[in-house]
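Engineer: structure of the sequence below:
(chains A, B, C and D)
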Amino acid sequence: MLRPFTRSTCRVAAIQRRFISSKGSKLLKPATELHTSLASNQALAGVNGGLGFLKSSQVSMSPGFDPYDMSHASAVKSMTQSRDVMQLWSLLEACLYSKYMNRAFAILQSLYMVSSHRPYFIDDYNMYLASYVQNGFAHSIADLDRKLSTDLQEKFPACEYDDKTLAIMIHNALRSGESSDTVGNSIHTYLRMNMKGVKSIMSHVDILTVSDYKALLEEFDVIKVYEVPETVRSLVEKEVTQGATDTELVVESDHSISTEQEPTSASTESQLAESIKPRSALESTNSESWLSLDETVKPLEKDAAKLTAVDTLGMRVVRHTLLGLNLNEQQRQNIAQFHFKADENLLNLDQKKSIDFFEVYRSLKSDAERSEFEKSLDQFNQERQRALESRATDAAKERWKHDFEEARARGDISIEKRLNVKLWKWYNAMLPLLKEEVKFCSEVMSGKPPSRRLSSGEIKQNKTRQDYGAYLSLVDPEKMCVITILELLKLNSTGGVIEGMRTARAVIAVGKAIEMEFRSEQLLKSELQIFKDVNRKSHEFKKYVQRAKNSFRSIKIEESKVVWPQAARAKIGSIMISMLIHVAKVDLEGIDPVTKQKVHGEAPAFSHGYQYHNGSKLGVLKIHRSLIHQLNGERLVASVQPQLLPMLVKPRPWKSWNSGGYYYTQSSLIRSKDSPEQMAYLKAVSNAGAIDTVYQGLNVLGETAWTVNRRVFDVMSEVWNSGKDFLEIPGIQEKLDLLPAPPRESDPSVHREWKLKNKEIANKFSSNRSVRCDSNYKLEIARAFLGEKFYFPHNLDFRGRAYPLSPHFNHLGNDMSRGLLIFWKGKRLGPRGLKWLKVHLSNLFGFDKAPLADRIAYAEAHLKDVKRSAEDPLAGDGWWMKADKPWQALATCIEINEAYKLPNPEDFISHQPVHQDGTCNGLQHYAALGGDIEGATQVNLVPNDRPQDVYAHVAKLVQARLEAAAAKGDEQAETLKDKITRKVVKQTVMTNVYGVTYVGATFQIEKQLSHIFDDRTYSLELSKYLTKHVFAAVRELFHGAHLIQDWLGECAKRISKSIRLDVDEKSFKNGNKPDFMSSVIWTTPLGLPIVQPYREASKKQVTTNLQTVFISDPFSVNPVNARRQKAGFPPNFIHSLDASHMLLSAAACGEEGLDFASVHDSYWTHACDVDQMNSCLREQFIKLHEVDLIERLKNEFDERYKNYVQIAKIDKQSELAKKIIAIRSNLSVKLGKPATLADEIYMEKRRTQLLESEDPEEQEIGRNMETTVSVTELIDNLEELEVKKTGTTTLMILVPMRLPQIPPKGNFDVQDLRNSKYFFS
Amino acid sequence: MSLPVRSLKELSKIKHWYGFKYLLNPEVHQAIFDKLRLEDTYRDTTKFKVLDLYPGPSQQSAIFYNRFKPQQYVLMESRADFLTQLKKEYSNSPIDVIEKDPYDWSSYVDLIDQSKKLQVEKQSLDHINDSFLTIGNLTNPAHEGLLMQWYSCIGNRNWLQRFGRVKMLLWVPTSSAVKLLARPGSISRSKCSVVREAFTETNLVALSDTEEVKLFDDSVITANNPIIISDTDIWQIRDKGISLLEINPTAHHIDLDNWEYVTKHLLILKGTPLIDALESLGHGAKDYFKDKITNQDLLNKSPNKLTNEEFIYLTDLFAKWPFKPDIFMDFVDIYQDDSF
DNA sequence: GTATTGTCTACCGACAATATCAGTAGGTACTGG
DNA sequence: CCGGTACCTACTGATATAAGTAATAGACAATAT
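Structural biologist: You can find the predicted model right below:
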């Protein structure tokens, strides 16, 4: 086919178009004048440069912050140092929180020795000092003054105090209790010492408390109101103005120290509650309309009438507001009885009663009411969220205790049988053990000499205590015990272990969970510290406090940079687990094999051992059989990390690379796989404020409120409780029955068969169990969130794709999870909405390749089925179960059915997310990049009457090829030719985008063909043959796409095989081949820098209490894995584009007020908003692809990898080769030894340095310098000189790294897709 | 009739050795056979049958045949480069060339049970089978697994060992020989050496002259007094040498399932005193064994110092343990992802 | 500097081998000059 | 008092482990000659 437009002419067209659209744009050179580098990317930036690419790529281009951005030696050094610093930090932090001040000071001294860290040292010192003050080690103002001056003058002379230091001094002075004069004088001095102004000192809200500010303002009058940071200003002002006249003084019973105050009695309370009047606006509507509810709202559990209301005042307000709404009697009663105390109503993890907030919300009639309701709910949820993130472990413990005591009270004989009773016993046995260990540790840590002579074993033990001791006293021992038990139960049957788990995973998981708990606790504690004096309790005021707290938390989280090293986690975890192993016992009953008598006994519940896999040992932690049975039936929702559940309030918006998501848990914007490299880029870009669009999009995703679809949940719950398998949920399995072993003397092949079969059985068994277990989690989480309003905080994978942070239950999950989720907010269907809902149903049934009208018709034709399915899902033929995605289909059936119950179905308020999916989204982006029309048509970029089905089309092409071959007498073609269905090729076409290899595809196709042909060898042979045709067909159809794919792969290969000029000899350790260190780095259109994390793994063994574990060291400097870099780049690049598209669409939809959710290439919104979303996403796709992204990528590469060299092979006889040989021998003479590749590189480096020098003379020298590289620059047809084969006649030389030519672009115009109905559908 | 014996010079032209190594000096071969005194075992050559696995260049096969003139001599070879040569060389000779892979268990079923090209006499377990000998070359370290499986077949009394105690002469990498011959207390002591001890009497007949010799226990060298083969007699020697093992199966009465479980697990912690290592056998194993074992010395021994007798003793205790774990669940099935 | 041998084998979310020993680096105590 | 040396400890890197190698074929990298 003729392709009249080359890429460059196309570029001219694009630029001209832009010229028209962006009037007055200055910088518009003709395309031919565009040279490499960012200058041209500035021109290319065009409309979408504003998205962030431009700024970001400039930021990330400046070297220095990335460990790989320097010579090898310094990289190693810096990485080693950062590892040291990280370890020291985490130890320092642990010591401070455990109040090992001496040890902390010693660590501080070590940190001080790390030279590269020196500039930041003051932060560490401040942390120490703050803790020193907080823990009451400073006895007087003068005392601390003395300490500060000795420390900074003698111990750390190169370190200077900063404004935070002063804030700490001021805080200390204020809390010293010394005479007002003394305090005042000191404060004066401190304020005068400021480095960046008084305001800068005052900005440290994490040090100064509200009462500090107040004192400074009022009592001492040394600061002005405007110098108080904004977030606390309102608090302080309020306090000042309201002063002591405030009658509303109530002592807050704070949730984490609630034991201190007894709650007020119920009677006073109700009086108080009475005194607070509901909003007048609501009062007016109050009387008339509580009849308007259609149905009675059922409470979740009726009981708990005995519970007295003991909620705090703030919550009483909430209740009162709620009662002020239009509610029916039942609802009123529920609310009146409801226990509005946040930490007693985390979620209905227990069988406690709770209110179906969703039902209440849905029954409200006016917007005003709804918004009032939501306001109250949100406020309530704020408290609950905090309680949830910080108290859930206690809740688990309480439950065990409760079960235990209940069983004992009842004199239950089967008491031993109950799981929770056992757990409670273990917990009680473990606790003293742990406490003792903590005591030993603190003795060791505080450097106390042992009271007696120690055995060598004890000395050793104490040595290891040095490693983990500091971490062990951070979290309340009770919590640590609970966490350990829960984590181990959670990990049952993971990692391919039949009745247990991998030790390595277990120890790390426990360590991590403890760390998480520590972080939450730490945040809470410091929050209490700061706000402890704030006790004024007006409704308004509470809001200020809330706001101040939130911003305080953000500061705290952003500030914390420490994570426990993996090794430390493992060590802590192993300590905890060994203790548990030691105490946790189960009672047994068995048959003595000799006497055949029944015997009773006791054995550890957990056992540490090993198993082999392919000759490698694997540490395993087995759980005793007798427990396994119990675990199967248990609801283990408690063991879900409470910090990672869906949130009851809107996630903290993303503001920087490490600030966003949960409130008490730090999460990172990007889930980097131990890649400090990408982190470095990310921080740089984030600090430069270049990725705001990313945050924007991500925040839209986080702000979408969800609730659980109760009707679907009820059906699922019923099915679940039956224990039978249903749809994708496997049934309960009693136990694993393996086949009996064949007699020893049977043929080895028989033994082998037996082993394979057993493996298969075990595999099936454990996969079934894990699926069932996972479903259990989903259901239990869903149950806990019934009637709740919740949100999913998101972050990104390393390519920028968004994922919810909460595991198990989220909208990215399987059909079951998705079927359980609906939008909290409801929207009236309207005419379009109703249509889309029908389309959605049809899509869920797999009827998605037809024109929209047909799909609507399909749904309409099945309205009767819909009705039956919706009204009695488990009776009848279960039509909905036949759908591709049955649970979602059921949810949709229910909505459609409800809608049709109304006189006008369009009036129905819909909560069902309706999906619009890209057809082969990867190929869509490829087609847009390559501009090939045929490909674009196939993936619906080109407007068409009916959607195109790529897979069917490929199948057709293959069929045509086979027919042609068969006609020529090809037997295999003849056999295959009428068997090519869509399904046969589907997987291969899909995975083609991911770079599936010929071999891989062969297996895929074989899997399909094996359904047709019985003979395995034959079908394998056929599939080999067929794969060739499928590959060829795909290649033909997506010609442009493949050229791009190849180009991307080639770029990645060259980059990952390129050498920086400032490598040093160390990386040349194996002969003349250096370690290649450069990974592929690019910037997405939104400005997100992506670094492919594929490097050679370097794992090390870490000794723990149980065994050694194999852990990768994130701070090692490893060469890249060129193969993975190459194979991964094309799909990763495309995914970075589809991620950009998604985030752009999210942001756009968010701006237009739509609820938006996405599963990468499937975008969801309310039925009535689908049209609007469709137009948004098309506009954003166009905006994204208006610029020639490939060209821009090349420019970015050219700039980033400028001056890199690569190795090439040329003919030894060529002129160039002779020249180079001559230069080399010259160099050798000069060096007095044979010149190596490293020497050549050094020479070239020298040349580029000269060329880039400021000094014109030096530049001149540089220009005249001849190096082995410079001579190649003069050759134009370098590529032609290159020889593929190695042999005696070839010469290895260095040439500048050059990227291949961009393939020509076809003439598909992305603007066309604006009118493509089926682009997403 | 005598078969021609190809010389080293001739054979060194072979390019592909498939990672195997062969002794290619006829004189040394003769010396080895002198030492082995096979005539003592196989007195009646009229019923003497030999199966030669992976004969490769088959120099040894020819020498063997010429020397012993067995009633039947079968070569089993699967590797194309060797096969063409073998077929050419022995097409009109008393030697049978079987084109089957000795790796496949089915090859033996075909050869013996189906096609009946080789008929082997089954003999009782009170003596070494005097009519059947297996010779083989498993010198490719990558195929060590097969060697170990053959060893375990001796214990199982299946495969070729179903015909009684069939002697085997196997060329193996010296590294494997070291492992197999390790005595209790040796640093190289591992499960396979316990297997050897349990099921066989294995002698080190000859080995190439490499540094690895030092890795053997002194007692092994003194007891066996092996012939040392010069580097130059073996093609592609590099630094990894080969050894010839004479394997004489013995009779045993071991509860194999439990025995395997116990030895396998204990030898993971081969340097840990038994008292601690035992706990890895299952929930509460330490407590159980501690009560049962009265010999304190045994409890303080580490597994790598245990003799097979001691392992059998432990196995016996293990078998009698009422709460012993399910030994057949002793594997992990690695995550396999098959959507579609 | 080449010939053979070894290692992969579709992207992401994701989740991991371990015991033991030899050799070495580094620190300490002791001793002799 | 100093340097040197013997001795000890901690750390690192290498090696063995089990024992069918699931299917397949070709590129590419690593290693040995």
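Engineer: in the stretch 351-500 of chain A, what residue is nearest chain B?
Structural biologist: Ranked by Cβ to the nearest Cβ, the top residue of the stretch 351-500 of chain A for proximity to chain B is A:Gly496, at 4.3 Å. In short, each C-beta sits where N, CA and C put it, glycine included.
Engineer: what is the neighbour count of that residue?
Structural biologist: Neighbour count for A:Gly496, taken as other Cβ atoms under 10 Å in any protein chain shown: 22.
Engineer: can you name the next helix or strand after the longest helix seen in chain A?
Structural biologist: Longest helix of chain A, by residue count under DSSP state H: helix A:367-409. Using DSSP states H and E, the helix or strand that follows helix A:367-409 in sequence is helix A:419-445.
Engineer: touching DNA strand D at all, stretch A:762-772?
Structural biologist: No - judged by Cβ under 7 Å from any atom of the strand, stretch A:762-772 makes no contact with DNA strand D; its nearest approach is 10.9 Å.
Engineer: contact partners of that stretch?
Structural biologist: A:493-494, A:496, A:498, A:632, A:728-733, A:736, A:738, B:329, B:331, B:333, B:336 (Cβ atoms under 8 Å, 6 or more residues apart in numbering or on different chains).
Engineer: chain center to it: distance?
Structural biologist: 26 Å (Cα atoms, centre = their mean, to the nearest Å).
Engineer: with stretch A:734-753 instead?
Structural biologist: Stretch A:734-753 has its C-alpha centroid displaced from the chain centroid by 44 Å (Cα atoms, centre = their mean).
Engineer: now do the end-to-end distance for it.
Structural biologist: End-to-end distance for stretch A:734-753, by Cα to Cα, to the nearest Å: 25 Å.
Engineer: what about the residue in the stretch 351-500 of chain A that DNA strand D sits nearest to, how many neighbours?
Structural biologist: Shortest the stretch 351-500 of chain A-to-DNA strand D distance, computed as Cβ to the nearest atom of the strand: residue-wise this is A:Lys463, at 5.8 Å. Here the count is done by other Cβ under 10 Å, and A:Lys463 has 10 residues near it.
Engineer: point out where chain B drops to low pLDDT.
Structural biologist: In the predicted model of chain B, residues B:236-238, B:335-340 satisfy pLDDT under 70.
Engineer: show me the strands in it, by range?
Structural biologist: According to DSSP state E, chain B carries its strands in the segments B:49-53, B:72-77, B:95-99, B:128-137, B:165-173, B:200-208, B:227-229, B:242-249.
Engineer: show me what the last one is in contact with.
Structural biologist: What it means is strand B:242-249. B:21, B:23, B:32, B:36, B:128, B:139, B:151, B:154, B:161, B:165-174, B:176-177, B:180, B:199-208, B:226, B:234.
Engineer: tell me how far B:Asp217 lies from B:Ile32.
Structural biologist: 22 Å (Cβ to Cβ, to the nearest Å).
Engineer: these two: who's more crowded?
Structural biologist: A direct count of neighbours by other Cβ under 10 Å for B:Asp217 and B:Ile32 places B:Ile32 higher, at 21 against 18.
Engineer: for the more buried one, give me its contacts.
Structural biologist: Under the criterion of Cβ under 8 Å, 6+ apart, the neighbours of B:Ile32 are B:Val205, B:Ala206, B:Ile227, B:Leu244.
Engineer: and for the closest residue to B:Gly136 other than its chain neighbours, the neighbour number?
Structural biologist: In this structure, B:Gly136 finds its nearest non-sequential neighbour in B:Leu53, 3.7 Å apart by Cβ to Cβ, 6 or more residues apart in numbering or on different chains. Neighbour count of B:Leu53, defined by other Cβ under 10 Å: 26.
Engineer: hmm, which of the contacts of strand B:242-249 are the buried ones?
Structural biologist: In the contacts of strand B:242-249, burial by neighbour count holds for B:21, B:23, B:32, B:36, B:128, B:139, B:151, B:154, B:161, B:165-174, B:176-177, B:180, B:199-200, B:202-208, B:226, B:234, counting by 16 or more other Cβ atoms under 10 Å in any protein chain shown.
Engineer: tell me how many other residues crowd the closest residue to DNA strand D within chain A.
Structural biologist: In chain A, no residue comes nearer to DNA strand D than A:Gly615, which is 2.6 Å away by Cβ to the nearest atom of the strand. Neighbour count of A:Gly615, defined by other Cβ under 10 Å: 6.
Engineer: how close does it get to B:Arg189?
Structural biologist: For A:Gly615, the distance to B:Arg189 (Cβ to Cβ) stands at 17 Å.
Engineer: go ahead and confirm A:Leu144 touches A:Val133.
Structural biologist: Yes - applying Cβ atoms under 8 Å, one finds A:Leu144 in contact with A:Val133, separated by 6.9 Å.
Engineer: what touches both of these two?
Structural biologist: Common neighbours of A:Leu144 and A:Val133 (Cβ under 8 Å, 6+ apart) are A:Asn172.
Engineer: am I right that B:Pro102 is in contact with B:Ile135?
Structural biologist: No - with contact defined as Cβ under 8 Å, B:Pro102 and B:Ile135 do not form a contacting pair (11.0 Å).
Engineer: the more surrounded of those two?
Structural biologist: With neighbours defined as other Cβ under 10 Å, B:Pro102 and B:Ile135 compare such that B:Pro102 has more, 25 against 21.
Engineer: need phi/psi at that one.
Structural biologist: When read as degrees, to the nearest 10, the backbone of B:Pro102 gives phi -60, psi -10.
Engineer: ok, now which ones touch it?
Structural biologist: B:Leu53, B:Tyr54, B:Met76, B:Glu77, B:Ser78, B:Gly136, B:Leu146.
Engineer: contacting DNA strand C as well, which ones from those?
Structural biologist: Okay, of the contacts of B:Pro102, nothing touches DNA strand C (Cβ under 7 Å from any atom of the strand).
Engineer: relative to A:His188, which of these is nearest.
Structural biologist: For the contacts of B:Pro102, the minimum distance to A:His188 (Cβ to Cβ) is 86.9 Å, reached by B:Leu146.
Engineer: A:Phe1013 reaches A:Ser1019, doesn't it?
Structural biologist: Yes - look at A:Phe1013 against A:Ser1019 with Cβ under 8 Å: they come within range, at 4.0 Å.
Engineer: coming back round to it: what touches both of B:Pro102 and B:Ile135?
Structural biologist: By the contact definition Cβ under 8 Å, 6+ apart, B:Pro102 and B:Ile135 are jointly contacted by B:Leu53.
Engineer: which residue does chain B have closest to DNA strand C?
Structural biologist: Closest point on chain B to DNA strand C, by Cβ to the nearest atom of the strand, is B:Gly271, at 3.1 Å.
Engineer: quick check: pLDDT value at the closest residue to A:Leu1043 other than its chain neighbours.
Structural biologist: Distance criterion Cβ to Cβ, 6+ apart; nearest residue to A:Leu1043, sequence neighbours excluded, is A:Pro1303 at 3.7 Å. Note for A:Pro1303: predicted pLDDT of 90.
Engineer: which residues does A:Pro1303 contact?
Structural biologist: A:Arg7, A:Gly930, A:Gly1040, A:Leu1043, A:Ile1044, A:Asp1046, A:Trp1047.
Engineer: A:Asp1171 too?
Structural biologist: A:Arg832, A:Trp836.
Engineer: what helix or strand is it on?
Structural biologist: Here A:Asp1171, judged by DSSP H and E, is contained in helix A:1170-1185.
Engineer: same question, A:Phe1308
Structural biologist: Here A:Phe1308 is assigned to no helix or strand, by DSSP H and E.
Engineer: in the stretch 201-340 of chain B, what residue comes closest to chain A?
Structural biologist: Counting by Cβ to the nearest Cβ, the stretch 201-340 of chain B gets nearest chain A through B:Gly284, at 3.6 Å.
Engineer: perfect, that will be all.
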